[in-house]
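Chemist: Here's a sequence, model it:
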Amino acid sequence: MTLTAFTAPDSFTTRPTLQGSFGMTASTHWLATASAQAVLERGGNAFDAAVAGAFVLHVVEPHLNGPGGDMTGVFATAENPSEPVVLMGQGPAPAAATREHYLSEGLELVPGAGALAAAVPAAVDAWLLLLRDHGTWELGDVLAFAIGYARNGHPIVGRVGATINAVKDLFTEHWPTSAALWMPDGSIPAEGDIVKNEAYAAVLDRLVAAGTAGDAAQSREDRIDAARREWREGFVARAAVEFVQTPHRHSSGQDHAGVISLEDFASFEAGYEEATTLKFRGYTIAKTGPWGQGPALLQTLAILDGFDDDRLDPSTALGAHTILEAQKLAIADREAYYGDASVPMEHLLSEEYSAQRRALITDRASTEFRPGTVPGNTPFTPPLRTEYTPPALAGAGGFAGVGEPTVSRDGETRGDTCHIDVVDQWGNMVSATPSGGWLQSSPTIPELGFCLGSRLQMTWLEEGAPSSLEPGKRPRTTLTPTLILKDGKPVVALGSPGGDQQDQWQLLYILRTIVGGYSPQQAIDAPSLHTTSIPGSFFPRTWEPGGAVVEDRLGEDVITDLEQRGHVITRAGDWALGRLSSVVRDPSTGVLMAAANPRGAQGYAAGR
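Modeler: Numbering: from 1, shown residues only. Sure, this is the predicted structure:
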């Protein structure tokens, strides 16, 4: 394959692609990036740094993630570079979260906000597990950055206030504990205001104390495990379970109590899993298993791999059309087959199956939901609603709360997710996407300074779906970090917030760097697009047949051509789509690189 068929990258980039040999960090907030990089500067490795940055993200991006949420990561170590490992921080449905209970509460969908949507919180345990097994620092040193920002305050970004403003009536009328934390004296914090969360600082202090309260001869690993037990079995679990037993307003427009129990907290532990991988143009792309949406990116690449380069260029009409159509096919399979169960990934990623799917792509945009045929499996077809209002809110003029934590179809940010990538001088590399438990998920638990997440909104109340609500099963999450390997060594850690768009935006980066030869920053800056012709993963789970969202910088000729092919185009503005960040390591030279998203003026990379 030659590079001549690909659109040349713009010579201008919003930031440089950073280069060095010591260590690189990129994330969705500059304070998390700076904290993680400070850990590297003081001798910590990539895992120490990522954990420090992640807990800072809880504090500085509370509208995008929180301690009551979830995370997934994929990493490789310097000692075993050829084996990508998934860090599984996705909690399951509580034991009492049954379809029958939710239906008896008058629900047709799992709510997008409120404690009935809460899976067992998993992010904190996952980060502590990573620190225990692959980090080198003590817990107190790693958490010091987050504790400092929570206790002493930090200048808030404008999007936090905008998010609070969007749900201020919900807070004042129904969630008074959230109003007390996020609207002190009834005022919404403005950009640059110093915001504190002293309750969360105290939680982190107590976790550190739990790890140092035992025998002085305890190992570092024992101390971290003691903090994990305190989280799962101690004051955090007790406060959360007691608080959500009081009914409160959900996005259904009704009041419900939560169902999570002390046993749910105590029985969950984060863990490690083998990555799902695909070879593409000499690289190995590593993702989570099909309990996440990650393998849909692999399916898309497998479909696209059979085309010539000119059909893989997102900057041309032919390439954009081909990419959008391939994504629809892969994501239809996501809806039909993915879940926390046995999923026929070997068949879904096979060359024969990919060729069958590739043959369905024509010159016209499809408006159909088209999962493939898998022997021995019945595909699930979700309810394909183009709009939805809960029965309790019919005629009431809107939802009670915010379900979708990502960008709206036209690119407007209504909240989102976070991401962090780190590579160190020894070759350790990690990509992680924390999310859930954002401040608009459910009412704040006063003693803890955070709320529970709402990941169960990704499950169905219909029977027979691979992702139907079932006690003990993980919801099919959208969190989908990426690790890329070449010749048995990690070379790229990549990720993005964005719900159903996460892998769609990462796909463009992969195509532009691997096929088009773009630098990391050139790929992140380049015009973005995604399909909305898929069932949404978030409440109220609607879809837009034939829909596609594009940045205007794609160009009038390309956009007009896409419309003529039948795509229902939404223009998002010049700089609205994509929240990518990445770190890179050249295994032949040891040169490290990093790049981050300029959109929203919040993501940042650092390194040397």
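
Chemist: Report the central residue of the protein.
Modeler: The structure's the chain has its C-alpha centroid closest to Leu479; by C-alpha atoms, centre = their mean the separation is 3.4 Å.

Chemist: For it, which three-state class applies?
Modeler: Three-state call for Leu479 (DSSP: H, G, I helix; E, B strand; the rest coil): coil.

Chemist: which ones are touching it?
Modeler: Leu479 is in contact with Asp70, Met71, Thr72, Gln90, Thr288, Gly292, Thr417, Thr433, Pro434, Ser435, Gln502, counting by C-beta atoms under 8 Å, 6 or more residues apart in numbering. All C-beta spots, glycine's among them, are computed from the backbone N, C-alpha and C.

Chemist: Neighbour-wise, give me the winner out of the residues you listed.
Modeler: When neighbours are counted by other C-beta atoms under 10 Å, Pro434 leads the contacts of Leu479 with 35 neighbours.

Chemist: isn't it right up against Asn65?
Modeler: Yes - assessed by C-beta atoms under 8 Å, Pro434 is found in contact with Asn65 at 4.7 Å.

Chemist: And the strands in the stretch 451-600 of the chain?
Modeler: 482-486, 489-495, 529-531, 547-550, 568-571, 581-585, 592-596 (DSSP state E, counting those that start in this stretch).

Chemist: quick one on the thing from earlier: among the contacts of Leu479, which are in helices?
Modeler: Gln502 (DSSP state H).

Chemist: Tell me the one of the contacts of Leu479 nearest Leu452?
Modeler: Using C-beta to C-beta, Asp70 is the member of the contacts of Leu479 that lies nearest Leu452, at 10.7 Å.

Chemist: residue contacts, that closest one?
Modeler: Contacts of Asp70 by C-beta under 8 Å, 6+ apart are 89-91, 119, 121-123, 126, 434-437, 453, 455, 477, 479.

Chemist: Looking at those, which is nearest Val167?
Modeler: In terms of C-beta to C-beta, no member of the contacts of Asp70 lies closer to Val167 than Gly437, at 14.8 Å.

Chemist: Might you report the residue contacts of Gly258?
Modeler: With C-beta under 8 Å, 6+ apart, Gly258 has these contacts: Gly114, Ala115, Leu116, Ala118, Val244, Gln245, Ser442, Leu452.

Chemist: okay, the fourth one: pLDDT?
Modeler: This points to Ala118. On the pLDDT scale, Ala118 is placed at 97.

Chemist: And the closest residue to it other than its chain neighbours, how far from Ala117?
Modeler: Leaving out its chain neighbours, the residue that sits closest to Ala118 by C-beta to C-beta, 6 or more residues apart in numbering is Leu452, at 3.8 Å. According to C-beta to C-beta, to the nearest Å, Leu452 and Ala117 sit 8 Å apart.

Chemist: Mutual contacts of those two, please.
Modeler: Taking C-beta under 8 Å, 6+ apart as the criterion, Leu452 and Ala117 both touch Ser441, Ser442.

Chemist: Arg334 contacts Ala296, correct?
Modeler: Yes - counting by C-beta under 8 Å, Arg334 does reach Ala296; the two are 4.4 Å apart.

Chemist: what pLDDT, on average, does the longest helix along the chain get?
Modeler: Identified as the longest helix of the chain according to DSSP H is helix 317-337. Averaging pLDDT along helix 317-337 gives 98.

Chemist: what's Gly66 in contact with, if anything?
Modeler: Gly66 makes contact with His58, Ala123, Gly436, Gly437, Trp438, Leu439, Ser441, Phe450, Cys451, Gly453, according to C-beta under 8 Å, 6+ apart.

Chemist: Ala5 too?
Modeler: Here Ala5 is in contact with Asp308, Asp309, Asp310, Asp313 (criterion: C-beta under 8 Å, 6+ apart).

Chemist: Please give the number of neighbouring residues around the first one.
Modeler: Put plainly, it is Asp308. 9.

Chemist: got it, and the second one?
Modeler: Taking other C-beta under 10 Å as the neighbour definition, Asp309 ends up with a count of 17.

Chemist: Looks like it contacts Thr316 (just checking).
Modeler: No - between Asp309 and Thr316 there is no contact under C-beta under 8 Å: 10.6 Å.

Chemist: any idea which helix or strand carries Ala266?
Modeler: Using DSSP states H and E, Ala266 sits in helix 262-267.
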